[in-house]
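**Q** Predicted coordinates and the sequence they were generated for:
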Amino acid sequence: MSAQRTYFSLFTEEEQEKLHKLEKQRIILRRKPALWIIASTLFLAVMGIMGGVIEMAEYGNSVWPYVIMLVAVLGFFGFVAWITFKFPDRDSLSYKYKRMMLRRVVPHILPGWVFASSHRLMNEDIRKSGLFRDKANRIAREDYLFGPAGKVVAEVYQITLQSESSSNRDPRTGAVIQREIPTNHFYGYFYRVHCPVIFPCEVWVFPKKKKASGETDEWALLTDQKYSKAHHIAKFESGDPDFDSRFNVYTTDPKLATRIISENRRKSLAEMDRLYASAIAVSYTENKVYVMVGYADDPLDIHLKNEIGEKLLKEHADELSRMKDVALLAVGDLFR
């Protein structure tokens, strides 16, 4: 990008106006919690003071404290209605910004790549990757990008993996009640890179240590533990002390796995791992490389504390560049 060229200038005048409007909405949303605190505090203070006044003997028969309490109640519910219907919706703000940002920034940062709002990722694709072995049964999609990574095609999905159904028994009748209560098990990127070779065996790579705080990396730890207990899966040691201290590698054939976990590919995996502060897992199966990266907050979304402008656009442009770097590293030395 030239010194004069800014990310903001990638947008049309009409889109720039929309970005300015979204920025105003972001500022309003940032003030929303403070307004709730102020209004609730005033309401409780008025009710408490008037309640105390009513308890005083000389005001026991007075009407005016009750009038003030009624006005306070009506005013508070009027405030609730105003803040509910007047203030913009956080999800709507995010959706509008992200669609505009990806539509303009992706072609600039990732030549040849395409952003789409739909994809054909299925639960079977998650199963084939072997990287996620929790109980999720639903893919809640976000965005889909695909494009060239060297001489192959890489697909990147932003997804949430959820378990959606649960059942309970009615204590009175004993009948089974089905409830649709979605529970998130994974939130992040899912890469599928198509390769011109058939891998001689299946290999799965996981970080040895939890990298992110909270539950962000739980999916990787859970899958790693299941592979470590599987009888038909062998643990693979590359003989590289630095690599083996950082990764757990599982395979269906340790002898053939040496052809996949080559020196160049070990360097690529280590570099991929350095790119993210959360767990990243990779698998080589059939003619595809799969990569999963979890995160707590969407790195391509707005954050209410950050201004919607050039700085935020640059951060998202850098994230898109990192996304392509992962795809290129996943390809590794396939063509060497």
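**A** Looks like it came in fine.
**Q** only C-alpha atoms for contact and neighbour calcs from this point on.
**A** Will do.
**Q** doesn't V293 make contact with L131?
**A** No - counting by C-alpha atoms under 8 Å, L131 stays clear of V293, with 10.2 Å between them.
**Q** Find residues that contact each of these two.
**A** Common neighbours of L131 and V293, counting by C-alpha atoms under 8 Å, 6 or more residues apart in numbering, are A281.
**Q** neighbour count winner among those two?
**A** L131 (25 against 22; other C-alpha atoms under 10 Å).
**Q** for R138, what are its contacts?
**A** Residues counted as contacts of R138 (C-alpha under 8 Å, 6+ apart) are N123, L161, Q162, S163, E164.
**Q** Report the beta-bridge partners for it.
**A** Bridge pairing for R138 (DSSP bridges) gives the partners Q162.
**Q** For it, give me the pLDDT.
**A** Listed pLDDT for R138 reads 80.
**Q** Look up how far Y144 lies from it.
**A** R138 sits 17 Å away from Y144, taking C-alpha to C-alpha, to the nearest Å as the criterion.
**Q** and what of A327?
**A** The gap separating A327 from Y144 is 14 Å, by C-alpha to C-alpha.
**Q** what about these two, which has more around it?
**A** It is A327, of A327 and Y144, that has more neighbours when counted by other C-alpha under 10 Å, with 26 against 20.
**Q** My guess is that one contacts A149. True?
**A** Yes - counting by C-alpha under 8 Å, A327 does reach A149; the two are 6.1 Å apart.
**Q** Give me the mean pLDDT for the one helix or strand K96 maps to.
**A** Counting by DSSP states H and E, the element that carries K96 is helix 90-109. The pLDDT scores in helix 90-109 average 88.
**Q** Stretch 301-315 too?
**A** 88.
**Q** got the contact list for that stretch?
**A** Contact with stretch 301-315 is made by 6-8, 19-20, 22-23, 26-27, 29-30, 94, 97-98, 101, as judged by C-alpha under 8 Å, 6+ apart.
**Q** how near is I54 to V293?
**A** Using C-alpha to C-alpha, we find I54 at a distance of 60 Å from V293.
**Q** And for E13?
**A** Going from E13 to V293 by C-alpha to C-alpha gives 35 Å.
**Q** tell me the mean pLDDT for the helix or strand M272 falls within?
**A** Using DSSP H and E, M272 sits in helix 263-275. Mean per-residue pLDDT for helix 263-275: 92.
**Q** Determine how far that helix lies from the middle of the whole chain.
**A** Once both centres are worked out by C-alpha atoms, centre = their mean, to the nearest Å, helix 263-275 turns out to sit 23 Å from its chain's centre.
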